[in-house]
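Peer 1: Let me see the structure of the following:
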Amino acid sequence: MINYPSDWPEPVVRVQSLSETGDTVIPDRYIKPPLERPSPSFNSTGSSDNLNIPLIDLHLSGPVNRDHPTIQKTTMDEISLACREWGFFQVVNHGIRPELVDGVREIWREFFHQPMEMKQDYANAPTTYEGYGSRLGMQKGAILDWSDYFFLHYLPSNLKDHNKWPSQPPFLRDMVEEYSKEIVRLGNILLKVFSINLGLEEDYLQKAFGDGDIGACLRVNFYPKCPQPDLTLGLSSHSDPGGMTFLLPDENVTGLQVRKGGEWITVKPARHAIVVNIGDQIQILTNAIYKSVEHRVIVNPDKERVSLAYFFNPKCDVRIAPASELVTLTTPALYQSMTYDEYRHFIRTKGLQGKSQVESLKISK
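Peer 2: Here you go, the predicted structure:
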């Protein structure tokens, strides 16, 4: 078990509080190096404005398809292509009620507008990240992101504690519980689809994740208005360290950008869509047939933004390595094995740093 410090290396400042002061200049510690800043060209009519991640209809709406899911062959092919070429796609008709999709996002927006003293009751620490937070990583003097968040555990069940979830607004805990069950259902469906598409046994990835004993945790992101959005980021460039991520975006404010072919593509979410992206653990398990992709979040000078990132992860003590069925003489194993707990220690200590962690696992030729 890895031990983490019980407190942050310096006082935590809530970004929402900075935004609400009305200052027109952001503090220096949020100003990114010039090469990491978003370019004004992303708001132009260039090629990046015309591209979007694949949109896939799962055809799982309705009680018959939802309770007895069968993914059509053409849909599985679309998923396979998206995983190989993008590492990102968004799904509609995923079987989650539209009212729940809208409701869970908006009830979290309400949480971030609760009195600060109430939110501070849930202030988190580096030991678990669980609770109300404003920074990732524990390096003193680090350049920070323009965002606050709330992090909670859902699986394994011994980590779930409703008392650590916000009690206000009313019904937030019930809504999060229902939404969590739906995301886990969707995650298990996609693990099966991925396994079949890769030519593996249909339960291969589920077993590799811990044979049903998976990890599932939610980070709700709050990106306040920013007076200098060209100097900072809501979330620095990174690939997700876990298995895969299900993002419920803010449909009214774009912000997520995906790196594709050397440029940043701004994701334009479809109505009631869930964005799915491959994480580092699936990149390792598939021997880089499916790749996790760098992404980041830009901020807005006029509008706040709320999104829900659900992380679907392997059990923390299961060793992750390329599937032997995908390793051949011409495609040797690219990565050494490591437990997910050991792997995420990198981000828990250093914060978000592109794809440097997964690249560090590569076996030298």
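Peer 1: tell me the contacts of Ile26?
Peer 2: The neighbours of Ile26, taking CB atoms under 8 Å, 6 or more residues apart in numbering as the test, are 18, 146, 226-228, 231-232. Bear in mind the C-beta positions are built from the backbone N, C-alpha and C, glycine included.
Peer 1: Need the max-distance pair from those residues.
Peer 2: Across these, the longest distance by CB to CB is 13.4 Å; it joins Leu18 and Leu231.
Peer 1: ok, the closest residue in space to Tyr343 that isn't next to it in sequence - how many residues close by?
Peer 2: Once flanking residues are discounted, Tyr343 sits nearest to Pro241: 5.9 Å by CB to CB, 6 or more residues apart in numbering. Under the neighbour criterion other CB atoms under 10 Å, Pro241 is assigned a count of 22.
Peer 1: helix, strand or coil for Pro241?
Peer 2: With DSSP: H, G, I helix; E, B strand; the rest coil as the basis, Pro241 sits in coil.
Peer 1: My read is that it contacts Asp341, right?
Peer 2: No - assessed by CB atoms under 8 Å, Pro241 is found out of contact with Asp341, at 10.7 Å.
Peer 1: any residues in contact with both of these two?
Peer 2: Counting by CB under 8 Å, 6+ apart, no residue touches both Pro241 and Asp341.
Peer 1: can you give me the helices in the stretch 51-200 of the chain?
Peer 2: Under the criterion DSSP state H, counting those that start in this stretch, the stretch 51-200 of the chain contains helices at 63-67, 73-85, 98-112, 116-120, 172-197.
Peer 1: right, so those: which one is the most enclosed?
Peer 2: Using mean count of other CB atoms under 10 Å, the stretch among those with the largest mean neighbour count is helix 172-197, at a mean of 19.
Peer 1: Remind me what it packs against, helices and strands.
Peer 2: Counting by 3 or more CB pairs under 8 Å, 6 or more residues apart in numbering; DSSP states H and E, the packing neighbours recorded for helix 172-197 are helix 73-85, helix 98-112, strand 148-155, helix 204-208, strand 215-223, strand 244-248, strand 305-313.
Peer 1: can you give me the angle the longest one makes with strand 215-223?
Peer 2: Using axes from the mean of the first three to the mean of the last three CA atoms, to 10 degrees, the interaxial angle of helix 98-112 with respect to strand 215-223 works out to 60 degrees.
Peer 1: Only C-alpha atoms, please: export helix 98-112 in CSV.
Peer 2: Coordinates of each C-alpha in helix 98-112 appear next as CSV, following Å, rounded to 0.1, in the frame of the first residue of the first chain:
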residue,chain,number,x,y,z
PRO,A,98,-32.4,11.5,-20.6
GLU,A,99,-33.9,12.9,-17.4
LEU,A,100,-31.1,11.3,-15.4
VAL,A,101,-28.4,12.6,-17.7
ASP,A,102,-29.7,16.1,-17.4
GLY,A,103,-30.6,15.9,-13.7
VAL,A,104,-27.3,14.5,-12.4
ARG,A,105,-25.3,17.3,-14.2
GLU,A,106,-27.6,20.1,-12.9
ILE,A,107,-27.7,18.9,-9.3
TRP,A,108,-23.9,19.0,-9.2
ARG,A,109,-24.0,22.5,-10.7
GLU,A,110,-26.3,23.3,-7.7
PHE,A,111,-23.7,21.8,-5.3
PHE,A,112,-21.0,24.1,-6.5
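Peer 1: What is the neighbour count of the residue nearest to Phe311 when sequence neighbours are not counted?
Peer 2: The spatial neighbour of Phe311 that comes closest, neighbours along the chain excluded (CB to CB, 6+ apart), is Gly242 at 4.6 Å. Residues contacting Gly242 under the criterion other CB under 10 Å number 25.
Peer 1: list the contacts for Gly242?
Peer 2: Taking CB under 8 Å, 6+ apart as the definition of contact, the neighbours of Gly242 are 215, 279-281, 311-314, 340, 344.
Peer 1: try 10 Å this time
Peer 2: The neighbours of Gly242, taking CB atoms under 10 Å, 6 or more residues apart in numbering as the test, are 209, 214-217, 278-282, 292, 311-314, 340, 343-344, 347.
Peer 1: What of Asp145?
Peer 2: Listed by CB under 10 Å, 6+ apart, the contact partners of Asp145 are 15, 30, 32, 134-137, 221, 223, 232-236, 296-297, 299, 351-352.
Peer 1: quick revisit: compare the helices of the stretch 51-200 of the chain and give me the one nearest Asn3.
Peer 2: In this view, these are compared for proximity to Asn3 by CB to CB, and helix 116-120 is the closest at 25.2 Å.
Peer 1: who does that closest one touch, helix- and strand-wise?
Peer 2: With contacts taken as 3 or more CB pairs under 10 Å, 6 or more residues apart in numbering; DSSP states H and E, helix 116-120 sits against helix 15-20, helix 98-112, strand 131-133.
Peer 1: Grab the nearest non-local neighbour of Val92.
Peer 2: On the basis of CB to CB, 6+ apart, the spatially nearest residue to Val92 that is not a chain neighbour turns out to be Ala273, at 5.0 Å.
Peer 1: typed the wrong thing, it's Leu200
Peer 2: With CB to CB, 6+ apart as the criterion, Leu200 has its nearest non-adjacent residue at 5.8 Å, and that residue is Glu325.
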